[in-house]
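> Quick one, what's the 3D model for this:
(2 chains)
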There are 2 protein chains.
Amino acid sequence: MQALKDRILQDGQNLGNGILKVDSFVNHQVDSVLMDACGREFARRFTDIGATKVLTAEISGIAPALMTAFHLNLPVVYARKTKPITMPDTVLLTLAPSHTKGVMTELIVSPEYLADGERVLVIDDFLASGSTIMGLIRLAQTAGATIVGIGALIEKLFEGGRAVLAPLKVPIESLVCIKSMEGDEIVFCD
Amino acid sequence: MQALKDRILQDGQNLGNGILKVDSFVNHQVDSVLMDACGREFARRFTDIGATKVLTAEISGIAPALMTAFHLNLPVVYARKTKPITMPDTVLLTLAPSHTKGVMTELIVSPEYLADGERVLVIDDFLASGSTIMGLIRLAQTAGATIVGIGALIEKLFEGGRAVLAPLKVPIESLVCIKSMEGDEIVFCD
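Got it, this is the predicted structure:
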């Protein structure tokens, strides 16, 4: 998606060690108009998969997932990292390694909102190693739901997440794909 | 706002101790179409305040703030509760008591995205005691920004937040106002 790619070229920062800082338009400050356009593009790409729900992980996944859900006229569920007091005692919980924090993070979904028979589209900000997205997929599958698509704003091809997700045999869409991040450079897939 | 009020009557749960569970459409699962309508309504009410940025707190504030920002054609910044590695060493940080967790929570904003001269509209899911919103206001004021409006999806009048915020002398808008929550009842302001 050209608008997102242009914005990464303009405002993204390669911090080294494969870390791309997009805090000025995705991760801390959000460009609401660009995010709406990203949601619209995901909705276009996933219009035919018959999703009944969008699933993401707090915190950075919420903005793209919400906009995608809006353009598909679907509810969105965001997995929590801590269990709030409003959640029932028995929950769906899995552990996923946090890429940028170096620790294991809990991903928690209430069984109230992820049910047997749902057709789930997973949306996140980054597809890197795929570990967060795989965590969401485990939660959905444990609930008896079916994964019907996976979307990420930015894919880091060099971290191998696509290969991890490929056995699911569902459409995997990234709006921008980054092939490598050597030195100060950000090299896009094509 | 009637649509939000109707949804609270239909799906909200009074858990006692003043806790209103709206996890099925605001706080865990989000009704994206309703949230868009809420954002549109905030944008209508705040169209004339000359805001340059929307400010909220992760996690539950993100959805209403993003939709409001979109309809005002503004960026939105969400204060983080932990400092990610992409954030500079020196940040704006304040402490706010977490209503539902009983502990103090950090609210952190990078000075990169909250600058001197900004005109800030604060949006959150709940206006209860006002402590989270006051934390956001301290961050903005420390950055040299001006608060120009405050909006919350749901105000709990009985928790007194409006009185805490009144000295700021800015418009305070809630889309739904709850007067009391005795027993199983949810009593709206009018």
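
> hmm, the longest helix seen in chain A touching chain B?
For chain A, the longest helix by residue count, based on DSSP state H, is helix A:32-45. Yes: residues of helix A:32-45 contacting chain B under CB under 8 Å from any CB of the partner chain: A:32, A:33, A:35, A:36. C-beta here means a position set from N, CA and C on the backbone, and glycine is covered the same way.

> for that helix, what is the average pLDDT?
For helix A:32-45, mean pLDDT rounds to 98.

> thinking again about what came up before, now, of the residues of helix A:32-45 next to chain B, which are buried?
A:32, A:35, A:36 (16 or more other CB atoms under 10 Å in any protein chain shown).

> out of the residues you listed, who's nearest chain B?
Nearest to chain B, judged by CB to the nearest CB, of these is residue A:32 at 4.0 Å.

> Hmm, the closest one is touching residue B:69, no?
Yes: counting by CB atoms under 8 Å, residue B:69 is a contact partner of residue A:32 at 4.0 Å.

> Are there residues contacting both of these two? Which ones?
Residues touching both residue A:32 and residue B:69 (CB atoms under 8 Å, 6 or more residues apart in numbering or on different chains): B:54, B:75, B:76.

> how near is the last one to chain A?
In this case it means residue B:76. In this view, residue B:76 and chain A are 5 Å apart by CB to the nearest CB, to the nearest Å.

> Across the sheet, point out what pairs with that residue.
residue A:30, residue B:54 (DSSP bridges).

> show me where chain A has helices.
Going by DSSP H, chain A shows helices at A:2-11, A:32-45, A:62-72, A:131-142, A:161-165.

> deepest of those helices, which one?
Of the helices of chain A, the one with the most neighbours on average (mean count of other CB atoms under 10 Å in any protein chain shown) is helix A:62-72, at a mean of 27.

> Could you list every helix and strand that it packs against?
With contacts taken as 3 or more CB pairs under 8 Å, 6 or more residues apart in numbering or on different chains; DSSP states H and E, helix A:62-72 sits against helix A:32-45, strand A:53-57, strand A:75-79, strand A:119-127, strand A:146-156, helix B:32-45, helix B:62-72.

> For the fourth one, which strands pair with it and how are they oriented?
Here strand A:119-127 has these sheet partners by DSSP bridges: strand A:53-57 (parallel), strand A:146-156 (parallel).

> Next, the angle helix A:131-142 makes with that strand.
Put simply, strand A:119-127 runs at 170 degrees to helix A:131-142, going by axes from the mean of the first three to the mean of the last three CA atoms, to 10 degrees.

> How about strand A:119-127, which residues are buried there?
Buried-residue list, strand A:119-127, by 16+ other CB under 10 Å: A:119, A:120, A:121, A:122, A:123, A:124, A:125, A:126, A:127.

> Now do it against strand A:75-79, angle only.
Using the same axes, to 10 degrees, strand A:119-127 lies at 50 degrees relative to strand A:75-79.

> any idea of the angle strand A:119-127 forms with helix A:32-45?
Using the same axes, to 10 degrees: strand A:119-127 against helix A:32-45 is 130 degrees.

> can you give me how far strand A:119-127 is from the chain middle?
4 Å (CA atoms, centre = their mean, to the nearest Å).

> Over to the last one?
In terms of CA atoms, centre = their mean, the centre of helix B:62-72 is found 11 Å from the chain centre.

> what is the orientation angle of that helix with helix B:32-45?
Going by the same axes, to 10 degrees, helix B:62-72 makes 50 degrees with helix B:32-45.

> now swap in the third one and tell me
Taking the same axes, to 10 degrees, strand A:75-79 and helix B:32-45 form an angle of 100 degrees between their directions.

> Now do strand A:75-79: which elements does it pack against?
Looks like strand A:75-79 contacts strand A:53-57, helix A:62-72, strand A:104-109, helix A:131-142, strand B:29-31 (3+ CB pairs under 8 Å, 6+ apart).

> and the residue lying closest to residue A:27 once chain neighbours are set aside, what is it in contact with?
Excluding its sequence neighbours, the residue lying closest to residue A:27 (CB to CB, 6 or more residues apart in numbering or on different chains) is residue A:60, at 5.1 Å. Residue A:60 is in contact with A:26, A:27, A:124, A:125, A:126, counting by CB under 8 Å, 6+ apart.

> What residues does the residue nearest the centre of chain A make contact with?
Centroid check for chain A by CA atoms, centre = their mean gives residue A:124 as the closest residue, at 1.0 Å. By CB under 8 Å, 6+ apart, residue A:124 lies in contact with A:56, A:57, A:60, A:61, A:64, A:65, A:132, A:133, A:136, A:151, A:152, A:153.

> Nearest to residue A:161 among those?
residue A:133 (6.9 Å; CB to CB).

> Which pLDDT value belongs to the closest one?
The model's pLDDT for residue A:133 equals 98.

> and if you look at the one 3 residues further on?
According to the prediction, residue A:136 has pLDDT 98.

> repeat for residue A:102
73.

> ok, now residue A:183?
82.

> now it, nearest residue through space, not along the chain?
residue A:14 (7.8 Å).

> on that earlier part again, as TSV, the buried residues of strand A:119-127 with pLDDT would be great.
Shown next, in TSV, are these (pLDDT from 0 to 100):
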residue	pLDDT
A:119	98
A:120	98
A:121	98
A:122	98
A:123	98
A:124	98
A:125	98
A:126	97
A:127	98
